[in-house]
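Visitor: With the sequence up front, the predicted model follows.
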Amino acid sequence: MESIDSIAKETEEHFKQTANLVNKNDEKIREIFIEHSREVDEFKHNLEQWQNNKETSIKILEDTYEKKLQLEAPERLWKERLIIFNALFSKTETGLVKTDNSGESEALMALLSKTIK
């Protein structure tokens with residue numbers, strides 16, 4: 001009987017040790033998982049911040065480029081008008097005088113009229 005009782009006690013002791021070891025490792029695994037989960041969340045947050053910053057930078061660049069294009073269009077138009085105007089008139093000391101370039105003046109005037117509208 002003694003041997004059965006001692007085997008039962010030994011088995012119970014081994015069971016308790018095993019249960020304690022499982023619980024202890026389970027806690028460690030949970031802690032590791034929680035820490036890893038926090039690191040992943042922090043990484044996601046940092047990635048989202050980086051993405052938002054880059055999207056904002058790109059939007060600023062796009063807006064700046066669009067404004068530049070809006071400013072260039074009128075500048076090109078005025079340069080074109082100036083070229084036409086200079087072709088139609090010559091500057092003298094007394095002011096501007098219409099030059100006669102035969103049929104070119106009518107074509108240039110028509111072109112100037114189109115660009116003004």
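Guide: Structure's in. What do you need?

Visitor: Mind checking the pLDDT average for the host helix or strand of Lys67?
Guide: Assigned by DSSP states H and E, Lys67 belongs to helix 2-88. In this model, helix 2-88 has an average pLDDT of 89.

Visitor: chain center to that helix: distance?
Guide: 15 Å (C-alpha atoms, centre = their mean, to the nearest Å).

Visitor: What are the buried residues along stretch 37-56?
Guide: Going by neighbour count (16 or more other C-beta atoms under 10 Å), nothing in stretch 37-56 comes out as buried. In this view, the C-beta of every residue, glycine as well, is placed from N, C-alpha and C.

Visitor: What's the local residue count around Phe85?
Guide: 13 (other C-beta atoms under 10 Å).

Visitor: oh sorry, the question was meant for Ile84
Guide: Other residues close to Ile84 by other C-beta under 10 Å number 18.

Visitor: Quick check: the gap between the spatially most central residue of the chain and Pro74.
Guide: Taking C-alpha atoms, centre = their mean, the centroid of the chain lies closest to Glu55, which sits 2.3 Å from it. As judged by C-beta to C-beta, to the nearest Å, Glu55 and Pro74 stand 30 Å apart.

Visitor: for Thr18, same thing?
Guide: From Thr18 to Pro74 the distance is 84 Å (C-beta to C-beta).

Visitor: How about Ala8?
Guide: Taking C-beta to C-beta, one finds Ala8 at 99 Å from Pro74.

Visitor: So which residues make contact with stretch 55-65?
Guide: The contact list for stretch 55-65 (C-beta atoms under 8 Å, 6 or more residues apart in numbering) is empty.

Visitor: CA atoms only: put that stretch into CSV for me.
Guide: The C-alpha trace of stretch 55-65 is given here as CSV (Å, rounded to 0.1, in the frame of the first residue of the first chain):
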residue,chain,number,x,y,z
GLU,A,55,0.5,62.4,-48.8
THR,A,56,0.4,65.9,-47.4
SER,A,57,3.8,66.7,-49.0
ILE,A,58,2.6,65.4,-52.3
LYS,A,59,-0.6,67.4,-52.1
ILE,A,60,1.3,70.5,-51.4
LEU,A,61,3.6,69.9,-54.4
GLU,A,62,0.6,69.1,-56.6
ASP,A,63,-1.1,72.3,-55.5
THR,A,64,2.0,74.4,-56.0
TYR,A,65,2.5,72.9,-59.5
